[in-house]
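Enquirer: fold the following for me, if possible:
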Amino acid sequence: MADHVQSLAQLEILCKQLYETTDTSTRLQAEKALVEFTNSPDCLSKCQLLLERGSSSYSQLLAATCLSKLVSRTSNPLPLEQRVDIRNYVLNYLATRPKLAAFVTQALIQLYARITKLGWFDCQKEDYAFRNAIADVTRFLQDSVEHCIIGVTILSQLTNEINQADTTHPLTKHRKIASSFRDTSLFDIFTLSCNLLKQASGKNLNLNDEGQHGLLMQLLKLAHNCLNFDFIGTSTDESSDDLCTVQIPTSWRSAFLDSSTLQLFFDLYHSIPPSLSPLVLSCLVQIASVRRSLFNNAERAKFLSHLVDGVKRILENPQSLSDPNNYHEFCRLLARLKSNYQLGELVKVENYPEVIRLIANFTVTSLQHWEFAPNSVHYLLSLWQRLAASVPYVKATEPHLLETYTPEVTKAYITSRLESVHIILRDGLEDPLDDTGLVQQQLDQLSTIGRCEYEKTCALLVQLFDQSAQSYQELLQSTNSSAMDIAVQEGRLTWLVYIIGAVIGGRVSFASTDEQDAMDGELVCRVLQLMNLTDSRLAQAGNEKLELAMLSFFEQFRKIYIGDQVQKSSKLYRRLSEVLGLNDETMVLSVFIGKIITNLKYWGQCEPITSKTLQLLNDLSIGYPFLMDHLLGHLVLFSLSQQSEHFSFLGVNNQSNLSDMRCRTTFYTALGRLLMVDLGEDEDQFEQFMLPLTAAFEAVAQMFSTNTFNEQEAKRTLVGLVRDLRGIAFAFNAKTSFMMLFDWIYPTYMPILQRAVELWYHVPACTTPVLKLMAELVHNRSQRLQFDVSSPNGILLFRETSKMMTTYGRLAKDYPKLSQSYYSLLEVLTQDHMNFIASLEPHVIMYILSSISEGLTALDTMVCTGCCSSLDHIVTYLFKQLSRSTKKRPAPMAQESDRFLHIMQQHPEMIQQMLSTVLNIIIFEDCRNQWSMSRPLLGLILLNEKYFADLRNSIVNSQPPEKQQAMHLCFENLMEGIERNLLTKNRDRFTQNLSVFRREVNDSMKNSTYGMNSNDMMS
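Expert: Prediction:
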């Protein structure tokens, strides 16, 4: 007894040290000691003593936490009787100690919920032992307020626990428990929560009392957890919030057909303080989202009418919406009105005209107060976007009135964004334009809203743009204008350019008219005139955000008005011709190209602008081949003659980092595509195009020829060069152009790449671009590597590739990122070029196989998966060649195939070693890529059937005598129905068998006191 008291005292001290001490070393020592206690055999009995006799809340928390771990463990689980005893003990403990520290109560309730979930299907005396949750809490609900809070919290936590999957148990088991809980208990719990809420609302609770306030909060949380339950296993998350439908079971219909359920929550909202009302609104959001098929048409109309009446009442009494949480949830509720119901249904609601007016006023007020809860605006814009998009399809005779209110919303959004600019600059607030993702999301929504009553939208934008542009021009011409005033106008113009691009992009959502195209022309003219003004000042100053807005505008304009689908007589082009002299697409594209060149010239050090500019160039080079001649004349010749001088993003200055030059690949991909249009077999044009790269290679070769050279300069030049070449190689997907590139790089410059890998194998920033270039060169894109029969180019290319692999591969395994590149290259080679690999020297083949063998045990899953794929290709090739050689009339075998078979027959231990490795990983380790492992394993078994039989017998004999028969049966089942071929159907059957095999072997070995050492198989 004294020992128990002493050990309890020590645990108390350790708990205090863990939770209270500020000394890191003391806390770490305490944590280590408590971990040992958790794993000790007498942990269960000591946890009970801690709960009974512990003098501090921390020791009670430790006990509850340890018990949760004990009941959750999958290996050596606690017996059913013991878990029932713990459940009953926890309930009695909570009932007799209602005033424990909140975190202790929470931990004990969590323990109860965990036991109940994991034992949901456990039976005791022909009865389910853990399914009487409502009965368990009944005594709590009939006692004091503190007891009621505990009882409601138990149900709330249980609902939440069963709704959440955990990583330690299979998802199928979780869904089975959740489905059973949904069908047997959840509706009763929801009904109980609603009944208790009705009782609470009828009693005029004193919500200033902490206990009554806490009880009502827990009741609302319980109701919300029930409504938020994942009824059908879709696992929705916040990212899909505005598309969410609550899949209420049909058995719940009665609760939603009864209007008192909906009315209860609306009444609660108006009667409780703002600290609780967000929970009420969260419940209403879920109720508003119940699946449409729960009702017939008449029932749905009635339900929607009650819902809209409740929303109307909130809008008429908006005082509580000044609370940000209330406001946010109410915005979500409004969005659900349209995401779950059709406009044709909404307009038939009796109070629709008044409600749509109130919603419009609320939206306008919200947009004008842009600084208040900005993250909630998304839901309001989502509502109006869906309403506007529905206008062409609504068939109801009742007026929808959107032509009246949508322009008000559009105007409020635009004017509020413009008015915010001055305040943000003056007060140094966070600029919404910095969050490009949020801005783009809102603009996508506005693009649809603004297209409704588009005449009004355009008139407003023209008016505001002209005002700001005129002010901006006057400020630039004035000698005493302040930087603040200029910044304000630039900010306003930035918003306007973004918005103009968005509404032009919105044309795709509506049937457009000539008049609307003419309006677009008015807007486009103004943006292009502004661009001319800002570009003329770039030598002195520029505005990054305004430039990004311009690029966004160009992207939208390109999608809508450039391409085959655009009518050449579009009134937009007529207006551009009248104002700017741009008569057709070709002339507009000259503006695009001029802008691209200007941006690359002046904004090369600004990564966001450079990357978006190059993306625009790339899109043009892919999408508009009929315009390529024009692009070629303007861009390719200019960039090649003056690129080093003008385009700083190419990284030619000594200050740039090696990683700063990634844009070069995109740039040269676009240039390569443009060159391909007219290249044909014109070698002179190709040589001219490659002159800058030729000069760069010669410079690197000159540096390598001397013993002393500037290493940083050499690295920078080489990395830029191989990035450029990879872009060109990616673009040259035709055989003729690719052969020009190959003849240019081999044999003259390939040794320079080999030398670079030898020098800087330990510098990933150098070797990764080189290996990526080699991977691109050996990629048979569009069949470009189908060389003529008499051509040695295939052998030459892959000889260089294998030389680089062996040079680099010796050290690759020490550098994980480079290792991934090496194994990715190996995967490509084994997939498409096994004949070449078979022709390599024996020591090279053995090196490749040994590197694959080592890669199979790598911790990096990508490396391991790549090795499995490579091994599968090799084994499949071997099996096919052996099958041919053993036929009665064997087909003639290529010389390299015959030699490869001979090498494998001389060294069978290599394949056998890999068979052992793969089987070892599948049986004894946490195999995270079982499917990938299964693919080469069948081939390995078929190539080494005798060795596999010996291996199987060794594993079976290593088991305890009582386990050997079960293990033998596992291996029999593994090969059941498997034929001696590697056809896809046979492979798939083996993969399925392997999945069952692994599970059965693990079950068989789980309770074994001794098993085979995981290294025994390797001997």
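Enquirer: helices along the stretch 251-400 of the chain, start to end?
Expert: Assigned by DSSP state H, counting those that start in this stretch, the helices in the stretch 251-400 of the chain fall at 253-257, 259-271, 277-288, 297-316, 324-339, 343-346, 352-368, 377-390.
Enquirer: any idea which of those is most buried?
Expert: When the helices of the stretch 251-400 of the chain are scored by mean count of other Cβ atoms under 10 Å, the highest mean neighbour count falls to helix 277-288 (a mean of 24). (Each C-beta comes from the backbone N, C-alpha and C, glycine too.)
Enquirer: what's next to it, contact-wise?
Expert: With Cβ atoms under 8 Å, 6 or more residues apart in numbering as the test, helix 277-288 has contacts from 217, 220-221, 223-224, 227-228, 246, 256, 261-262, 265-266, 268-269, 272, 307, 310, 320, 323, 325-326, 328-330, 332-333, 336-337, 340.
Enquirer: after the lowest-mean-pLDDT helix or strand in the chain, next one along is what?
Expert: With mean pLDDT, DSSP states H and E as the measure, the helix or strand of the chain carrying the lowest mean pLDDT is helix 637-646 (a mean of 48). Once helix 637-646 ends, the next helix or strand along the chain (criterion: DSSP states H and E) is helix 663-679.
Enquirer: and that next one, which residues are buried?
Expert: By neighbour count on 16 or more other Cβ atoms under 10 Å, the buried set for helix 663-679 is 663-677, 679.
Enquirer: quick check: next helix or strand after that helix?
Expert: helix 683-704.
Enquirer: that following helix packs against which elements?
Expert: Applying 3 or more Cβ pairs under 8 Å, 6 or more residues apart in numbering; DSSP states H and E, one finds that helix 683-704 contacts helix 637-646, helix 663-679, helix 711-731, helix 735-745, helix 750-760.
Enquirer: which of these sits closest to Leu111?
Expert: For the helices and strands packed on helix 683-704, proximity to Leu111 was assessed by Cβ to Cβ; helix 663-679 is nearest, at 55.3 Å.
Enquirer: elements contacting the closest one?
Expert: helix 607-623, helix 628-631, helix 683-704, helix 711-731, helix 735-745.
Enquirer: what's the most buried one of those?
Expert: Using mean count of other Cβ under 10 Å, helix 711-731 ranks as the most buried of the helices and strands packed on helix 663-679, with a mean of 22.
Enquirer: and Ser1004, what does it touch?
Expert: Going by Cβ under 8 Å, 6+ apart, Ser1004 touches Gln959, Lys963, Ala966, Met967, Cys970.
Enquirer: which residue is the nearest non-sequential neighbour of it?
Expert: Once flanking residues are discounted, Ser1004 sits nearest to Ala966: 4.8 Å by Cβ to Cβ, 6 or more residues apart in numbering.
Enquirer: and for that neighbour, the neighbour number?
Expert: Residues within reach of Ala966, counting by other Cβ atoms under 10 Å, total 15.
Enquirer: and what of Thr706?
Expert: 7.
Enquirer: pLDDT score for Glu547?
Expert: We have a pLDDT of 93 for Glu547.
Enquirer: can you tell me the SS state at it?
Expert: Following DSSP: H, G, I helix; E, B strand; the rest coil, Glu547 is assigned to helix.
Enquirer: need the nearest residue in space to it, chain neighbours excluded.
Expert: Ile609 (5.3 Å).
Enquirer: unless I'm mixing things up, the one you found is touching Lys545, no?
Expert: No - the pair Ile609 / Lys545 is not scored as a contact, 9.9 Å apart, by Cβ atoms under 8 Å.
Enquirer: which residues touch stretch 10-19?
Expert: 26-27, 29-31, 33-34, 37, 46, 50, 54-56, 58-59, 61-62.
Enquirer: keeping just the C-alphas, turn that stretch into PDB.
Expert: Provided in PDB are the C-alpha atoms of stretch 10-19 (Å, rounded to 0.1, in the frame of the first residue of the first chain):
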ATOM      1  CA  GLN A  10       5.600  10.600  -7.900                       C
ATOM      2  CA  LEU A  11       3.000  10.600 -10.700                       C
ATOM      3  CA  GLU A  12       1.400  13.800  -9.200                       C
ATOM      4  CA  ILE A  13       4.800  15.500  -9.200                       C
ATOM      5  CA  LEU A  14       5.500  14.400 -12.800                       C
ATOM      6  CA  CYS A  15       2.100  15.800 -13.900                       C
ATOM      7  CA  LYS A  16       2.800  19.200 -12.300                       C
ATOM      8  CA  GLN A  17       6.300  19.300 -13.900                       C
ATOM      9  CA  LEU A  18       4.800  18.400 -17.300                       C
ATOM     10  CA  TYR A  19       2.000  21.000 -17.200                       C
END
